[in-house]
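Undergrad: Any chance you can model this:
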Amino acid sequence: MLIIRCGACKSKLWRYDKIGQGEVLRCHKDRINKVYSDVIIENGKVKCCCGKEIGIDKGTFIKMDPKAFVYSGTKRNA
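TA: As a prediction, this is how the structure comes out:
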């Protein structure tokens, strides 16, 4: 499980079940286990409560901006 945090304010956004050793390029919504803070979705963009844009809502997944977030935890091997 990975803890996804905002790159600007370091607040916890959500807990994500990452499968495989690759980079976090997108977060599939069905693998988000717990949402920690108020995530704002407006005009298809996913933002932290501080206003920083984290990614783009593409329907079943969120396309992540690699410079907008940090994460900690372990990735699960497929």
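Undergrad: make it CA atoms for all contacts and neighbour counts henceforth
TA: Fine.
Undergrad: What part of the protein, helix or strand, is modelled with the least confidence?
TA: Lowest by mean pLDDT, DSSP states H and E among the helices and strands of the chain is strand 40-42, with a mean of 89.
Undergrad: got the buried residues for it?
TA: For strand 40-42, a neighbour-count test (16 or more other Cα atoms under 10 Å) marks residue 40 as buried.
Undergrad: With stretch 32-51 instead?
TA: Neighbour-count burial for stretch 32-51 [16+ other Cα under 10 Å]: 32, 39-40, 46-48.
Undergrad: Show me which of the residues you listed is closest to residue 71.
TA: The closest of the buried residues of stretch 32-51 to residue 71 turns out to be residue 32 (Cα to Cα; 13.5 Å).
Undergrad: Roughly how far does the closest residue to the closest one other than its chain neighbours sit from residue 43?
TA: Nearest residue to residue 32, sequence neighbours excluded (Cα to Cα, 6 or more residues apart in numbering): residue 16, at 4.6 Å. Distance of residue 16 to residue 43, computed by Cα to Cα, to the nearest Å: 23 Å.
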